[in-house]
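**Q** Sequence first, then the predicted structure:
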Amino acid sequence: MRFKILAAGLVLTSVAWSTAEPPARHDAGEMKSAVHRPGDVRWRSGPPSLPPGAEIAVLEGDPSKPGPFVFRVKVPNGYRIPPHTHPKPERVTILSGTFHLGMGETFDATKGEALPAGTYGTWPAGMKHYVWIEGETVVQFHGEGPWTINYLNPSDDPRKK
């Protein structure tokens, strides 16, 4: 009998996952189920706050508004993000490629740490850091919105160009 109950539960779970709706939203405090298969992720041009060449896929929530979010960023080999901070903690998972992370107010590719695919990292609000990429790289970000990026040198901000 226990086996039949377990089997029925597994079947119901697999049906629920296979019929899940697209991106989960947090409208009115309700969360919907969602599954994002790699081939179904919809990429679009990155936000104006990132240097040109980035693509973004929002999987959950709205990073520009208060509340939880999940988004992915895909960038080409050699991509760089100048020194910057975020007003809230940053949480990232490197899904593919190599994400190099350096700390400080000045971009220096001889310093920093290579974070290969599979790495998860979190750093506090206000941490001064910069990024460079090796190979096409996909990184997943999640946290509490609104997500913003503040460049230490205003001339590095692509929104001002």
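**A** Arrived safely. What you see is a predicted model; the values in this text were computed from it and never measured.
**Q** Glu134 belongs to a helix?
**A** No. Looking at Glu134 with DSSP: H, G, I helix; E, B strand; the rest coil, it is strand, so not inside a helix.
**Q** Run the chain-centre distance for stretch 84-96.
**A** Put simply, stretch 84-96 sits 7 Å off its chain's centre (Cα atoms, centre = their mean, to the nearest Å).
**Q** hey, where'd the helices end up in this structure?
**A** Assigned by DSSP state H, the helices in the chain fall at 2-18.
**Q** residue closest to the middle of it?
**A** Centroid-nearest residue in the chain: Phe141, 2.3 Å away (criterion: Cα atoms, centre = their mean).
**Q** Surely Pro51 touches Gly78?
**A** No. With contacts counted by Cβ atoms under 8 Å, Pro51 stays clear of Gly78, the gap being 11.0 Å. C-beta coordinates here come from the backbone N, C-alpha and C atoms, glycine included.
**Q** more neighbours, the two?
**A** Neighbour count, other Cβ atoms under 10 Å: between Pro51 and Gly78, Pro51 has more, with 16 against 11.
**Q** number of nearby residues for Tyr130?
**A** Using other Cβ under 10 Å, Tyr130 has 24 other residues around it.
**Q** hang on, it packs against His84?
**A** Yes. With contact defined as Cβ under 8 Å, Tyr130 counts as touching His84 (7.0 Å).
**Q** one step back: so the residue nearest to the centre of the chain is in contact with Leu95, correct?
**A** No. Counting by Cβ under 8 Å, Phe141 does not reach Leu95; the two are 10.9 Å apart.
**Q** any residues in contact with both of the two?
**A** Here Phe141 and Leu95 have Arg72 as joint contacts, going by Cβ atoms under 8 Å, 6 or more residues apart in numbering.
**Q** What confidence value was assigned to the nearest residue to Asp157 once chain neighbours are set aside?
**A** Counting by Cβ to Cβ, 6 or more residues apart in numbering, Tyr151 is the residue found nearest to Asp157 once chain neighbours are left out, at 4.4 Å. The model reports Tyr151 with a pLDDT of 98.
**Q** is Tyr151 in a bridge, and if so with what?
**A** Per DSSP bridges, residues listed as beta-bridge partners of Tyr151: His84.
**Q** Can you report how many residues lie near it?
**A** 18.
**Q** Next, the contact list for Val131, please.
**A** The contact partners of Val131, taken as Cβ under 8 Å, 6+ apart, are 79-81, 99-102.
**Q** so how far does stretch 141-152 reach from one end to the other?
**A** 21 Å (Cα to Cα, to the nearest Å).
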